[in-house]
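S.K.: What would the 3D arrangement of this be:
(2 chains)
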Amino acid sequence: MAYSRSAWTALADPTRRTVFARIVERPSSVNELARALPVSRPAVSQHLKVLKNAGLVIDMRAGKRRIYSIDRKGVAAFRAEIDRFWDKTLAAYKLAAEQLEEKGK
Amino acid sequence: MSPSATSEPIKRSVVVDAPIEHAFEIFTKRFGSFKPVEHNLLAVKIAETVFEPRVGGYLYDRGVDGSECRWARVLAYEPPYRVLLSWNISPRWQIETDPDKASEWEVRFIAETPERTRVEIEHRKFERHGEGWESLRDGVGGDQGWPLYLQRYSESLARGY
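M.R.: As a prediction, the model looks like this:
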């Protein structure tokens, strides 16, 4: 879906990577992340939304707060990401191998 | 998803109109030219992807600022037939330094004719990435968390995210 992003793309943004790294260290609420990082609360929320759509984090309600943590079933999602990686890589590889072969002739 | 589905190897193959030596050379020497650009764990853009052609060497990305991401290690190098590498990126999307927690991928080159080569990829041992995963203390597990979690997980699968 156009709405969701791949994990690679989601992590391409340095700030988002920092937010994610922090969550890897410790599950956190939006407020905790905004306090710990030089990022505004709305910006943190936006980054979390992207990370969530990419399947990198999940959120759960704990009382009044919403806590973000990394996906515990991450291995399955991770494998799916690698699956797509090989599709793309091999398709591009075929082009590269055949183009250069023609040029070499 | 069941554990077996998680650890099942990924298999792909492609046939290229090129002799086996050429197919092997492009795959190794020019890996960076066809690798998807978003495949990057550096904070900056990749200047170069280097495939060190020897056992014990690395396949790594070098960023425009000189930083490096050594995301695969060469475990077998047998031109023009086969290479075997580790996959040192963890499900946390960080470099995994423990070789026992890395999966591995094998690339085999098979000459179908003198001008055509079949390239097979097998990425396997994903379960290795999972070791220690359960011991992760994330504080939000527990029985109450699981139903919601499973719902979200199946939603993300349904999205084909």
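
S.K.: Tell me where chain B has strands.
M.R.: Per DSSP state E, chain B carries strands over the ranges B:10-16, B:46-51, B:58-63, B:68-78, B:82-87, B:103-113, B:116-124.

S.K.: Chain A now?
M.R.: For chain A, the strands defined by DSSP E occupy A:28-29, A:57-62, A:65-70.

S.K.: Tell me which of these sits nearest to residue B:113.
M.R.: strand A:65-70 (47.8 Å; CB to CB). Heads up, the C-betas are built off the backbone N, CA and C, glycines and all.

S.K.: Quick one: list the elements packing against the closest one.
M.R.: When contacts are defined as 3 or more CB pairs under 8 Å, 6 or more residues apart in numbering or on different chains; DSSP states H and E, strand A:65-70 packs onto helix A:14-25, strand A:28-29, helix A:30-36, helix A:41-53, strand A:57-62.

S.K.: now with 7 Å?
M.R.: Under the contact definition 3 or more CB pairs under 7 Å, 6 or more residues apart in numbering or on different chains; DSSP states H and E, strand A:65-70 sits against helix A:14-25, strand A:28-29, strand A:57-62.

S.K.: mind giving me TSV with the ones you listed and columns for mean pLDDT?
M.R.: Shown next, in TSV, are those (pLDDT from 0 to 100):
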stretch	mean pLDDT
helix A:14-25	88
strand A:28-29	94
strand A:57-62	90
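
S.K.: Of the strands of chain B, which is nearest residue A:48?
M.R.: Each of the strands of chain B was scored for nearness to residue A:48 using CB to CB, and the closest is strand B:68-78 (24.5 Å).

S.K.: Report the residue spans of chain B with pLDDT below the cut-off.
M.R.: B:1-6, B:131-161 (pLDDT under 70).

S.K.: Find the centremost residue of it, please.
M.R.: Per CA atoms, centre = their mean, the C-alpha nearest to the average position across chain B is that of residue B:87, at 4.6 Å.

S.K.: Next one: that residue relative to residue B:72, how far apart?
M.R.: Using CB to CB, to the nearest Å, we find residue B:87 at a distance of 6 Å from residue B:72.

S.K.: Where does pLDDT dip in chain A?
M.R.: Where chain A drops to pLDDT under 70, the residues are A:1-5, A:72-74, A:100-105.
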